[in-house]
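Student: Next one to model:
(chains A and B)
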Amino acid sequence: MKQERTSKVKGLLKVLALVVPFLLNVNAFASPAETPGAGHDSVAAVSGNAEVAAAPEAHAAEAAHGEEKAGDVIMHHILDSNVYSFEPFGEIVLPKIVIGGFDISITKHVVTLWVVSAIVLIVFTIIGGKYKKMSPKTAPKGFVNAMETLVEFIRLDVAKANIGPGYEKYLPYLLTVFMFVLLCNVLGLVPYGATATGNINVTLTLATFTFFITQVAALKAHGIKGYLAHLTGGTHPALWIIMIPIEFIGLFTKPVALTIRLFANMTAGHIVILSLIFISFILNSYIVAVAMSVPFSIFIYLLEIFVAFLQAYIFTMLSALFIGLASAHEEHGDHEPGAAHH
Amino acid sequence: MLTSGVILLNGGLLSPNPGLIFWTTVSFVIVMLILRKLAWGPIISALEEREKGIQSSIDRAHSAKDEAEEILRKNRELLAKADAESDKIIREGKEYGEKLRAGIAEKAQAEATKMISMAKEEIEQEKRRALDVLRNEVAELAVMGAEKIIKTSLDADMQKKIVDSMIQDLSTKRN
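Tutor: Take a look at the predicted model:
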């Protein structure tokens, strides 16, 4: 009896959960439709509103204008630019360099990358120097010990566990990529910092490194013949015409997944935080700011700290996993890992 | 949702930027090469060395424990053996002492009886000699006494006869 009743209540809640957002959406769609000059697209409505700001529906127009501004600010924050701005103090215009038709100008994210490189280099060079002096009987202390935990984690739980014997060769890459991505992620959470890993070009480059290392590992492990045999999927020659393109695409899905996972995770977190903050500006309300924007954005910020570590770990873990799969001396089995869907 | 999608596509979030790719590659490769030389190499070799050190210490501790147990076992065995030995020695000593005591006591007994018998014999001899001496003395004294008496009253022969017979009587009574 009791169970029936609770299941009924649960069902009702489910219906409510489905209906309420729909109602809210209808409301949201209804309001731009009221404004004059509205198209099917809400962005068109936004631009239309900006032009007809003098119309009697001043309030709706203002809200739409605010939204547009918010979107611009958010995108400005997320995107790369030639200007590194320190908001109330001014900004630094970065030099534009074009060599041989290629635009290799220094941008905000390049500067961020260099800051990250500098920090990683300084910190780990100092730590490396300490380890050079250390005898095997002395225990590390303080910060060195904390970093050792990270290194040991990558070495044993990521590299050794996923690659198996011969993991030492890939350790420098995995350690560097972990520290690099981690610091890039964390730097995006610091005031005036920018998230270089929130730029798809950066993540694409890093994933390309993993891709090349994976292919080299596969070639080394199986030889050219084994590598090409792998592309046929071990099937009958009649199926090759299907299998070879599938396997060939399969080679590239892994780095693309890596690229988009890191990029989307870092970008999405920032968009969510900024959107939550801009809600209070759009609605022009202190109550919303105090009750929603600030607490929720703090919550998302804390979540982002976790995500920064998590994504660095996942990027490294999956790189190690791909290398391990490529170099494994096994029959063609579960090669498309379910673990890739984080 | 539609708005955000349009922003995403219009805003250039996915637009390629060869300059950034170039700089990322350059920075990352340089960082990786420098760190491999200066940081990861020393750190990982130190970690491996420490791992080996810990493993060897554990192995050493295990072997030391085994050795100690072996020594303990040997010591216990030795102790037990020594205990048995000492028991045996004590038992033998007791037996020997008992035997020795018995022997000495017997010998002493025999010696004592012998000495007693010898003393008795000597006493007997001495007594006999003394008796002889005494008898002669007495006889002479009696003779001298009798002489005096006879000189005064009887003749010597008569007196002597009487005395002799008296002495004879005495000696027979005595014996």
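
Student: tally of neighbours for the nearest residue to A:Ile200 once chain neighbours are set aside?
Tutor: Closest residue in space to A:Ile200, ignoring its immediate chain neighbours: A:Phe263 at 4.5 Å, by Cβ to Cβ, 6 or more residues apart in numbering or on different chains. C-beta coordinates here come from the backbone N, C-alpha and C atoms, glycine included. For A:Phe263, the neighbour count with other Cβ atoms under 10 Å in any protein chain shown is 23.

Student: now do the one 5 residues further on
Tutor: The tally of other residues near A:Ala268 (other Cβ under 10 Å) stands at 15.

Student: cool, and the one 5 residues further on?
Tutor: A:Ile273 has 22 neighbouring residues, counting by other Cβ under 10 Å.

Student: gap between the one helix or strand it maps to and the chain center?
Tutor: Here A:Ile273, judged by DSSP states H and E, is contained in helix A:240-283. Distance of helix A:240-283 from its chain centroid, counting by Cα atoms, centre = their mean, to the nearest Å, is 7 Å.

Student: Quick one: list the elements packing against that helix.
Tutor: In terms of contacts (3 or more Cβ pairs under 8 Å, 6 or more residues apart in numbering or on different chains; DSSP states H and E), helix A:240-283 is packed against helix A:58-78, helix A:200-231, helix A:286-288, helix A:294-327.

Student: Can I get these in a markdown table including mean pLDDT?
Tutor: Shown next, in a markdown table, are the helices and strands packed on helix A:240-283 (pLDDT from 0 to 100):
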| stretch | mean pLDDT |
| --- | --- |
| helix A:58-78 | 62 |
| helix A:200-231 | 88 |
| helix A:286-288 | 84 |
| helix A:294-327 | 91 |
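
Student: Most tightly packed of those?
Tutor: Ranked by mean neighbour count, these are led by helix A:294-327 with a mean of 20 (mean count of other Cβ atoms under 10 Å in any protein chain shown).

Student: Could you state which residue of chain B sits nearest its centroid?
Tutor: Compute the mean C-alpha point of chain B, and by Cα atoms, centre = their mean the closest residue is B:Ser86, 6.1 Å away.

Student: show me what contacts the residue of chain B found nearest chain A?
Tutor: Ranked by Cβ to the nearest Cβ, the top residue of chain B for proximity to chain A is B:Ala39, at 3.6 Å. For B:Ala39, the contact set (Cβ atoms under 8 Å, 6 or more residues apart in numbering or on different chains) comprises A:Phe124, A:Thr125, A:Ile127, A:Gly128.

Student: where's it relative to A:Leu113, distance?
Tutor: Remark: distance between B:Ala39 and A:Leu113 (Cβ to Cβ, to the nearest Å) = 18 Å.

Student: Over to B:Asp157?
Tutor: 176 Å.

Student: can you check B:Arg129 too?
Tutor: Relative to A:Leu113, and taking Cβ to Cβ, B:Arg129 is found at 146 Å.

Student: Among those two, which residue is more densely surrounded?
Tutor: Between B:Arg129 and A:Leu113, counting by other Cβ under 10 Å, A:Leu113 is the more crowded of the two (28 against 10).

Student: Tell me if I'm right that that one and A:Leu187 touch.
Tutor: No - in this structure A:Leu113 lies outside contact range of A:Leu187 using Cβ atoms under 8 Å: 9.5 Å.

Student: quick one: least confident helix or strand in chain A?
Tutor: Lowest by mean pLDDT, DSSP states H and E among the helices and strands of chain A is helix A:42-51, with a mean of 40.
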